[in-house]
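In: Sharing a model prediction with you, sequence too.
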Amino acid sequence: MADQGKIVQPPKRLKDKVRRTGGPTPESAILRALNAAEDLMDTYQGWAVDDLAKLWQTFQGTGPSAPAKERITKMFDMTHDIRGEGGSFGFPLVSVIADSLCKFLEPRQKLGTAELEVVKVHILAMRAVFRQDLKGSQPTLEREMQQLLALLRDRMPVR
Amino acid sequence: MSGYGFASLKVLVVDDSRPIRSLIKTFLSGFGVRELFEAPDADEAFKIVCDIDPDIVITDWRMPPTDGIDLVERIRNDEDTPNPYLPIIMLTGFTELHRVKQARDAGVTAFLAKPISAAALYKRFCTVIDDQRPFVRVGDFFGPDRRARRKGESFTGRERRHS
């Protein structure tokens, strides 16, 4: 017979702690949050440039003879963070490029010379976005970049 | 003024990315949350959970060498946990929606997709506060009822009794 399980009603702790009225309206709470984050948005670009430098350093240690999977995983983890951060800090184009690099790296066990070139193109593209200060939503450019990088990835099937 | 007052909430933010931790904390502070804590990985996060007994946890998924799923499972099932019903918001990369089922099966309360915006975080925060789902213990699973319908969502198909 299937396990019917047990249903438990959790204590209403949050309901007791959160006032339903008297706080700022959702619009003003969100506006306050955005204003508070303004300085952080400016600081991010410095952090991102440092992160990209670390990614580049790891990439440079990833020759065809290097212990491949370990470095690929390291590069994936770094790129995964950049993917989440880019769009959150006003650089959606960086997230698009980092997403493509994550998709390229995740299934691979090793990187040959041609694959390393693909990785290099992605890192240089992210670096260019910050250098050109390409902030904000740019749907056409994001779509074109997505398509271009997908074509590049498709030329390098996982072996 | 007619919105929620979050001043008495304690929130823990867990992410291996320092910029993301800072951004979420700054947004929450703008919403009026005063007690904010942070951790870069699941191990440290669980220690903080045991120490401060937060009201909400917001955690990333991938935080090598541990991950957000480990943290959720410990909060729900570890004998040291101060509150197994703790609401947990899981952050996911925008291409990782296929993993939602795995996180839901670990006992996550809600999801928030990266990239993060202040509006999306506020909405998810309110959803978690209003969440009235019971918890279910069945087999290895302990967490919010996975079958529950969202508020206002009702069956629109033909009722069996009418056939």
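Out: Alright, I've got the coordinates.
In: Burial check on the spatially closest residue to A:P24 that is not a sequence neighbour, number of neighbours?
Out: Spatial nearest neighbour of A:P24, chain neighbours left out: B:G3 (5.1 Å); criterion: CB to CB, 6 or more residues apart in numbering or on different chains. No exception for glycine: its C-beta is placed from N, CA and C like everyone else's. As a burial measure, B:G3 scores 21 neighbours (other CB atoms under 10 Å in any protein chain shown).
In: ditto for A:K6
Out: 11.
In: And the strands in chain A?
Out: Counting by DSSP state E, chain A has strands at residues A:6-8, A:19-23.
In: hmm, the longest one touching chain B?
Out: Yes: contact between strand A:19-23 and chain B is present through A:R19, A:R20, A:T21, A:G22, A:G23 (criterion: CB under 8 Å from any CB of the partner chain).
In: which residues sit in contact with the first one?
Out: Contacts were defined as CB atoms under 8 Å, 6 or more residues apart in numbering or on different chains; by that measure A:R19 touches B:Y4, B:G5, B:A7.
In: at 10 Å what do you get?
Out: B:G3, B:Y4, B:G5, B:F6, B:A7, B:S8, B:G32 (CB atoms under 10 Å, 6 or more residues apart in numbering or on different chains).
In: Check the gap between it and B:F27 for me.
Out: Taking CB to CB, to the nearest Å as the measure, A:R19 falls 19 Å from B:F27.
In: Give me the pLDDT for the closest residue to A:E142 other than its chain neighbours.
Out: Leaving aside its chain neighbours, A:E142 sits nearest to A:V96 (5.1 Å; criterion: CB to CB, 6+ apart). As predicted, A:V96 sits at a pLDDT of 96.
In: List the contacts of A:V96.
Out: Taking CB under 10 Å, 6+ apart, one finds A:83, A:86-87, A:125-126, A:129, A:138, A:141-146, A:149, B:94 in contact with A:V96.
In: What sits closest to B:K47 if chain neighbours are left out?
Out: B:A39 (7.9 Å).
In: Just give me the neighbour total for A:T25.
Out: Neighbours around A:T25, by other CB under 10 Å: 12.
In: any chance you could read off phi and psi for it?
Out: Torsion angles at A:T25 (phi, psi; degrees, to the nearest 10) stand at phi -60, psi 160.
In: Same question for B:R62.
Out: phi -100, psi 110.
In: How about the contacts made by it?
Out: Taking CB under 10 Å, 6+ apart, one finds A:76-77, A:80-81, A:84, B:15-17, B:68-69, B:91-93, B:96, B:99 in contact with B:R62.
In: just B:A120 next, same as before
Out: Per CB under 10 Å, 6+ apart, neighbours of B:A120: A:I30, B:F27, B:L112, B:A113, B:K114.
In: change it to 8 Å
Out: Contacts of B:A120 (CB under 8 Å, 6+ apart): B:L112, B:A113.
In: so it is in which element?
Out: helix B:118-130 (DSSP states H and E).
In: What residues of stretch A:127-146 count as buried?
Out: A:R127, A:V129, A:F130, A:L134, A:K135, A:E142, A:M145 (16 or more other CB atoms under 10 Å in any protein chain shown).
In: mind checking how far it is from the chain centre?
Out: 14 Å (CA atoms, centre = their mean, to the nearest Å).
In: quick one: average pLDDT of it?
Out: Mean predicted lDDT for stretch A:127-146 stands at 94.
In: first to last residue in that stretch, what's the distance?
Out: End-to-end distance for stretch A:127-146, by CA to CA, to the nearest Å: 16 Å.
In: Might you report the residue contacts of the closest residue to A:D51 other than its chain neighbours?
Out: Of all residues not flanking A:D51 in the chain, A:I82 sits nearest, at 6.0 Å (CB to CB, 6+ apart). When contacts are counted by CB under 8 Å, 6+ apart, A:I82 touches A:A48, A:D51, A:L52, A:L55, A:V94, A:S95, A:A98, A:M126.
In: Go through those and say which is closest to A:G61.
Out: A:L55 (11.1 Å; CB to CB).
In: OK, contacts around the closest residue in space to the closest one that isn't next to it in sequence?
Out: Of all residues not flanking A:L55 in the chain, A:M78 sits nearest, at 4.8 Å (CB to CB, 6+ apart). Neighbouring residues of A:M78 by CB under 8 Å, 6+ apart: A:D51, A:K54, A:L55, A:T58.
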